[in-house]
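1. what would the 3D arrangement of this be:
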Amino acid sequence: MSPRFADLTPALLLACGEYWKTYYTAMRNVHVGSGRTLQEPIRDRNLGTTASSHIAVFERFWREKLAAALGVPETEVGPRTVRFREHRSKSFDVCWPLTGEPLILISVKSMQNAYRNLTNRIEEALGDSAVLRLYRSNAVFGFFFFILKGKVADGQAEQGVSLRTTGAKGFAPYLELIQEGGDFFDLSNVDRYRKKSNRQKRERQDTTRKAEQSLLDLTVAEPAEQGGIHYDAIALTPARIKRTKKDRGGTELWDITISEVDERLDPRTFLSRLITTARLRGFIK
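-> This next block holds a predicted model:
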């Protein structure tokens, strides 16, 4: 295997770890800063997400890896707003080159909660590709999607009572830890939020599986000389994160496992698929 396309799993695992620590720390700081205990359900996730730079971890990761795959300085790959017309421009997370016509683009998205919004995220991804082709850009376009895989994403989590029944405003939380996609940092008081009904639990969707099937619909079967509405390559990374223990300094440690996906969505071949298409279109030799 060419050094440019060496297995990036170790590096991707490190990026997932940095992503998670950034996200988790932001969520916990917002939670504790609002005067809530760790036994209370998480609220105001959007505040922590806005303040957190977790998605920037993956944006930097793919900029560095794309530059290495192309054999160009990292300064030649970065975020860019492409102006298609005077009235229409669009920002991309990863672009090469940074001037002139864009030749390779990567969109980066993640989902670590609110799995019910998966359909919206898929529609957003389709819209991004449609905009690119609408304005007749033949740039190679890739899509990276990270999913926090856990009991909530797998459709196995129990949803509790609405917080209104406990005297607080908010949703019905999932009775799982945040690393499982749930709404708690500590489950020691979770019975307070459990439904008392003996009715059979409603079966929920397996978001990871649904995402895989949906993304396969958005990717090309084979590299094409002319770009269409389908993405030229898609990488799906469902990662399961488990707390291990704290080190001697009290820092929380996490064990991360990336689940296997359909080979057409395998992040290990993501860059090679983009580069192959770029060669076919005459963008690189």
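2. could you pull out the helices for the stretch 101-250 of the chain?
-> Taking DSSP state H, counting those that start in this stretch to define them, one finds helices in the stretch 101-250 of the chain at 118-134, 207-218.
3. which neighbouring elements make contact with the shortest one?
-> Secondary structure elements in contact with helix 207-218, counted by 3 or more Cβ pairs under 8 Å, 6 or more residues apart in numbering; DSSP states H and E, are helix 118-134, strand 140-149, strand 233-246. Any C-beta I mention is one placed from the backbone N, CA and C, and that applies to glycine too.
4. beta partners for the residue nearest to W20 when sequence neighbours are not counted?
-> Spatial nearest neighbour of W20, excluding adjacent residues (Cβ to Cβ, 6 or more residues apart in numbering): I241 at 5.4 Å. On the basis of DSSP bridges, I241 is bridged to I256.
5. one step back: can I get the helices and strands packed on helix 207-218 in TSV including distance to G182, mean pLDDT and mean neighbour count?
-> As requested, these are exported to TSV (distance: least, Cβ to Cβ, whole Å; pLDDT from 0 to 100; neighbours: other Cβ atoms under 10 Å):
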stretch	distance to G182	mean pLDDT	mean neighbour count
helix 118-134	17	93	15
strand 140-149	10	97	25
strand 233-246	12	92	19
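6. can you lay out the ones you listed as a markdown table showing distance to V108?
-> A markdown table is the format used below for the helices and strands packed on helix 207-218 (distance: least, Cβ to Cβ, whole Å):
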| stretch | distance to V108 |
| --- | --- |
| helix 118-134 | 11 |
| strand 140-149 | 5 |
| strand 233-246 | 10 |
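7. which of the ones you listed sits closest to A26?
-> Among those, strand 140-149 comes nearest to A26, with 14.0 Å by Cβ to Cβ.
8. follow-up on the earlier one: got CSV for the helices of the stretch 101-250 of the chain, with distance to D7 too?
-> What follows is these, written out as CSV (distance: least, Cβ to Cβ, whole Å):
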stretch, distance to D7
helix 118-134, 26
helix 207-218, 21
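9. wait, which of those is closest to E40?
-> So among the helices of the stretch 101-250 of the chain, helix 207-218 is nearest, using Cβ to Cβ, at 25.0 Å.
10. restricting to C-alpha, output the closest one in CSV.
-> Extracted in CSV, the C-alpha atoms of helix 207-218 (Å, rounded to 0.1, in the frame of the first residue of the first chain):
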residue,chain,number,x,y,z
THR,A,207,-29.9,5.0,13.6
THR,A,208,-26.5,3.6,12.7
ARG,A,209,-28.0,1.0,10.3
LYS,A,210,-30.4,3.5,8.8
ALA,A,211,-27.6,6.0,8.3
GLU,A,212,-25.5,3.4,6.5
GLN,A,213,-28.3,2.5,4.1
SER,A,214,-29.1,6.1,3.4
LEU,A,215,-25.5,7.1,2.7
LEU,A,216,-25.2,4.2,0.3
ASP,A,217,-28.0,5.8,-1.7
LEU,A,218,-25.9,9.0,-1.9
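11. run through the stretch 151-285 of the chain and note the low-pLDDT ranges.
-> Across the stretch 151-285 of the chain, the ranges flagged by pLDDT under 70 are 163-170, 197-203, 246-250.
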